[in-house]
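Build me a model from this:
(one chain, ligands or ions: 1)
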Amino acid sequence: MRIGILGPGNVGRALAGAWRAAGHDVVIGSRTPDEVTPHDAGVPIVSTASAVDAADVVVNATPGTASLALLTSVGAPALAGKVLLDVAVGMTEAGDLSHLRESLGEELQRAFPDTPVVKTLCTIDRLVMIAPDSLEGPSTVFLSGEDATAKKTVRGLLHDLGWPPESLLDLGGIATARGQEHFSLLFLGIAGGLGSYRFGVRVVPLST
Ligand SMILES: NC(=O)c1ccc[n+]([C@@H]2O[C@H](COP(=O)([O-])OP(=O)(O)OC[C@H]3O[C@@H](n4cnc5c(N)ncnc54)[C@H](OP(=O)(O)O)[C@@H]3O)[C@@H](O)[C@H]2O)c1
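Numbering: from 1, shown residues only. Sure, this is the predicted structure:
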């Protein structure tokens, strides 16, 4: 799979290394590719437009307050037909959620109707994203999106990060991304209580 990850930050670098190790053709997109530190594992860092152009799956690993503007600068035609795997959460400088009534995921899906958006992984620290078996037990990762084919593609990519099928919980349409993004507040609370960002949450249904 050709993957273009937008944002050479903490998340972008972690996912890039893991998917490259799984055999995917990965590039990272930056607004200033000549100015950023090279990737540890040598994943190429190219312009934002080149990363989108080279990809079947575009991963949004940029600040959620900046994602719409960045993707708009790329343009809907360049994104059309590609899956947009959206990891981002919008937080203000004061640490509040920027998207209160509508999630970033919904906003992006509305702005780019020909690009199926799948929100996932935003409830998990970057180091756990790529090493779910580093936790003491199984945990849950969520998916939100309208397009079944795009979700199937993303399920495959999650599998390649080490997430077994029983860990994946499809929440439904892209409107459910709001819950994933708003979980950030609880995530930060748990991290404060636990003294670590490296944890998972597990959905435990009633026994039958
Ligand atoms: N850190 C985590 O563990 C974690 C977990 C779950 C979700 N997330 C979400 O994932 C996204 C990425 O997180 P991160 O920790 O990787 O962030 P980060 O380290 O700050 O990296 C974000 C990258 O986005 C790019 N970018 C594009 N437009 C930007 C703009 N207008 N302002 C600033 N940067 C811009 C920057 O690269 P260039 O300047 O080179 O373009 C930057 O390297 C965020 O939305 C975050 O909420 C993070």
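
Quick check: Val118 is in a strand.
Yes: Val118: assigned to a strand according to DSSP: H, G, I helix; E, B strand; the rest coil.

so what's it bridging to?
Beta-bridge pairing for Val118 (DSSP bridges): Leu85.

I'd guessed it sits against Thr149; true?
No: counting by C-beta atoms under 8 Å, Thr149 is not a contact partner of Val118; they are 10.2 Å apart. Any C-beta I mention is one placed from the backbone N, CA and C, and that applies to glycine too.

Tell me who's in contact with the closest residue to Pro38 other than its chain neighbours.
In this structure, Pro38 finds its nearest non-sequential neighbour in Ile45, 6.8 Å apart by C-beta to C-beta, 6 or more residues apart in numbering. If you count contacts by C-beta atoms under 8 Å, 6 or more residues apart in numbering, Ile45 has them with Pro8, Val27, Ile28, Gly29, Ser30, Pro33, Val36, Pro38, His39.

For the ligand, tell me which of those show up nearby.
Applying C-beta under 6 Å from any ligand atom, the subset of the contacts of Ile45 adjacent to the ligand comprises Pro8, Ser30, Val36.

For this protein, which residue gets nearest to the ligand?
Gly9 (1.8 Å; C-beta to the nearest ligand atom).

Can you report how many residues neighbour that residue?
16 (other C-beta atoms under 10 Å).

For Gly193, see how far away it is.
To Gly193, Gly9 is 26 Å away according to C-beta to C-beta, to the nearest Å.

what do you get for Gly23?
For Gly23 relative to Gly193 (C-beta to C-beta), the value is 38 Å.

Quick one: residues contacting Phe142.
So Phe142 contacts Lys119, Thr120, Thr123, Leu168, Leu169, Asp170, Leu171, Thr176, Gly179, Gln180 (C-beta under 8 Å, 6+ apart).

In a helix, it, correct?
No: the assignment for Phe142, made by three-state DSSP, is strand rather than a helix.

about what we covered before: max pairwise distance over the contacts of Phe142: which two?
Pairwise distances across those (C-beta to C-beta) peak at 15.6 Å, for the pair Leu168 and Gly179.

Just the pLDDT for the residue nearest in space to the middle of the chain.
Nearest to the geometric centre of the chain sits Val87, at 2.2 Å (C-alpha atoms, centre = their mean). The score at Val87 is 98. That number is its pLDDT.

Sounds good, over and out.
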